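Participant: Please work out how this folds:
(chains A and B)
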Number of protein chains: 2
Amino acid sequence: MKLQVAIDRVSLEDAIILAEKFNGKTDIVEMGTSLVKDYGNLAIEKLSQTLTQSELLVDIKTMDEGEYEFRQGYRYGGDLLTVMGAASVDTIAACYQVSQEKNKEIMIDLLEVTNEKIEQLKQFDKAIFCLHHSIDRKDAWDATDSVSKFREDFPEIKHLAIAGGINLDQAKKLAAKNLVDIVIVGSSITQSADPVKSIENFMEAIKS
Amino acid sequence: MKLQVAIDRVSLEDAIILAEKFNGKTDIVEMGTSLVKDYGNLAIEKLSQTLTQSELLVDIKTMDEGEYEFRQGYRYGGDLLTVMGAASVDTIAACYQVSQEKNKEIMIDLLEVTNEKIEQLKQFDKAIFCLHHSIDRKDAWDATDSVSKFREDFPEIKHLAIAGGINLDQAKKLAAKNLVDIVIVGSSITQSADPVKSIENFMEAIKS
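Facilitator: Alright, predicted model coming up:
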């Protein structure tokens, strides 16, 4: 299981400082959507230059113009890019095609996506599917239960990630069950007193 | 009916040149999602400073973190901001609340949204609902038919916009039927030989 640490809602200067600290400590650093929308490609370029030892996921959340957004995202240095599962299948297909052409990773964000729609997305078999509980939603969820249920419903989907309020305990449970490829952690790490130490704790928990 | 002209997939320098030309000629200038994702808030700020006589819609396509994205979008100078109808109702509610607090406009983009979901969104009665056919989708659609159908299905929704491959003929038909508040036009204007003349043609067609 890989650890992906999300950097969000900070200035570009602070994002670069965090990326320098996280470089090589976590498998993947995520440039959160807030940084995409606040700074655009400049931020992708800066973080990509900083991250010499971790991969860079850009949470670009493509909803339309799939080919354009994915070409731009990879061009400026993203290793993994996200498209919304809520986008049209044609948009997702356009993103998928660019990812395969460029030999890069694509993550399909399942935020607010129905099972019926997921059935249509299974064809994108090299994509990483991301179970995602909105930061704005007020209802509770259990990450391990959600993943187990998803694996039962869609056994043919190979690559899975999970995001949404994941803490150390949940990460440990997910690792023990060996059900996801990537666990995505945001504020549990970045808002902690010592984010680098916190990453070490997560890495120890999920790699052991 | 208002005309909204979308600027997309150009450099920020070219976007500013176009915005200078369009300023005061069209009701609303749209900073397309490609400019949001390529340049971030800097582009909102620059276009906002340029547009002294037209409103600025920023097609920010919020999917999550509604409050954060909307505060940023209005702060840098957007008059109207978009949220995806495909986002969670909680996200849309967060965006709506910021729009009302700031006395600004909110557009809910109905790209890939089911009628069942629209039922849940009717509560946001000051929002402008945007019927939107994805640029990536390969199937055809008729804008006038789509709007008429929508008005029948959702008579209680007050404010409506339409986007997706609208040309001058379609704009005329829409104006004649008086069914939408805003018609959104992109490449039919910006890719024409003389975009300002093209705007004049559209304005004449829809205002007469």
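Participant: Partner strands of the longest strand anywhere in chain A, with direction?
Facilitator: Counting by DSSP state E, the longest strand found in chain A is strand A:55-62. Strand pairing for strand A:55-62, using DSSP bridges, gives strand A:28-31 (parallel), strand A:80-84 (parallel).
Participant: Need these in JSON lines (columns: mean pLDDT and mean neighbour count).
Facilitator: From N, CA and C alone the C-beta is placed, and that goes for glycine too. Compiled in JSON lines, those are given as follows (pLDDT from 0 to 100; neighbours: other C-beta atoms under 10 Å in any protein chain shown):
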{"stretch": "strand A:28-31", "mean pLDDT": "98", "mean neighbour count": "26"}
{"stretch": "strand A:80-84", "mean pLDDT": "98", "mean neighbour count": "28"}
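Participant: got a markdown table for the ones you listed, with distance to B:Glu65 too?
Facilitator: Below are the strands paired with strand A:55-62 laid out as a markdown table (distance: least, C-beta to C-beta, whole Å):
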| stretch | distance to B:Glu65 |
| --- | --- |
| strand A:28-31 | 13 |
| strand A:80-84 | 14 |
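Participant: Just give the nearest non-adjacent residue to A:Ala175, would you?
Facilitator: A:Ile206 (4.0 Å; C-beta to C-beta, 6 or more residues apart in numbering or on different chains).
Participant: sorry, that was for A:Phe154
Facilitator: Using C-beta to C-beta, 6+ apart, the closest residue to A:Phe154 is A:Ile118 (6.3 Å).
Participant: you'd agree that neighbour is in a strand?
Facilitator: No. Per DSSP: H, G, I helix; E, B strand; the rest coil, A:Ile118 lies outside any strand segment and is helix.
Participant: Count the neighbours of it for me.
Facilitator: Neighbour count for A:Ile118, taken as other C-beta atoms under 10 Å in any protein chain shown: 17.
Participant: gap between it and chain B?
Facilitator: The gap separating A:Ile118 from chain B is 14 Å, by C-beta to the nearest C-beta, to the nearest Å.
Participant: need the contact list for the residue nearest to A:Ala175.
Facilitator: Applying C-beta atoms under 8 Å, 6 or more residues apart in numbering or on different chains to A:Ile206 gives the contacts A:1, A:3, A:171-172, A:174-175, A:183.
Participant: try 7 Å this time
Facilitator: A:Ile206 makes contact with A:1, A:3, A:171, A:175, A:183, according to C-beta atoms under 7 Å, 6 or more residues apart in numbering or on different chains.
Participant: and if you look at A:Gln170?
Facilitator: Each residue near A:Gln170 by C-beta under 7 Å, 6+ apart is listed here: A:143-144.
Participant: can you give me the offset of stretch A:34-50 from its chain's centre?
Facilitator: Distance of stretch A:34-50 from the chain centroid (C-alpha atoms, centre = their mean, to the nearest Å) equals 15 Å.
Participant: got the buried residues for it?
Facilitator: A:34-44, A:46-48, A:50 (16 or more other C-beta atoms under 10 Å in any protein chain shown).
Participant: Also stretch A:132-141?
Facilitator: Buried, per 16+ other C-beta under 10 Å, within stretch A:132-141: A:132-137.
Participant: now do stretch A:186-194
Facilitator: Of all the residues in stretch A:186-194, those buried under the rule 16+ other C-beta under 10 Å are A:186, A:188-190.
Participant: contacting residues around that stretch?
Facilitator: Residues contacting stretch A:186-194 (C-beta under 7 Å, 6+ apart): A:5-8, A:18, A:166-168, A:195, A:198-199, A:202.
Participant: Assess the claim that A:Ile166 and A:Ala175 are in contact.
Facilitator: No. With contacts counted by C-beta atoms under 7 Å, A:Ile166 stays clear of A:Ala175, the gap being 11.1 Å.
Participant: So between the two, which is more surrounded?
Facilitator: Neighbours were tallied for A:Ile166 and for A:Ala175 using other C-beta under 10 Å; the higher tally belongs to A:Ile166 (23 against 18).
Participant: how far does stretch A:121-141 sit from the chain's center?
Facilitator: With C-alpha atoms, centre = their mean, you get 10 Å for stretch A:121-141.
Participant: go on, stretch A:104-121?
Facilitator: Its chain's C-alpha centre and that of stretch A:104-121 lie 13 Å apart, by C-alpha atoms, centre = their mean.
Participant: Next, the buried residues of that stretch.
Facilitator: Here stretch A:104-121 shows A:104-113, A:117-118, A:121 as buried, counting by 16+ other C-beta under 10 Å.
Participant: and what of stretch A:1-10?
Facilitator: Those would be A:1-10, for stretch A:1-10 by 16+ other C-beta under 10 Å.
Participant: Just the closest of these to chain B, please.
Facilitator: A:Arg9 (6.0 Å; C-beta to the nearest C-beta).
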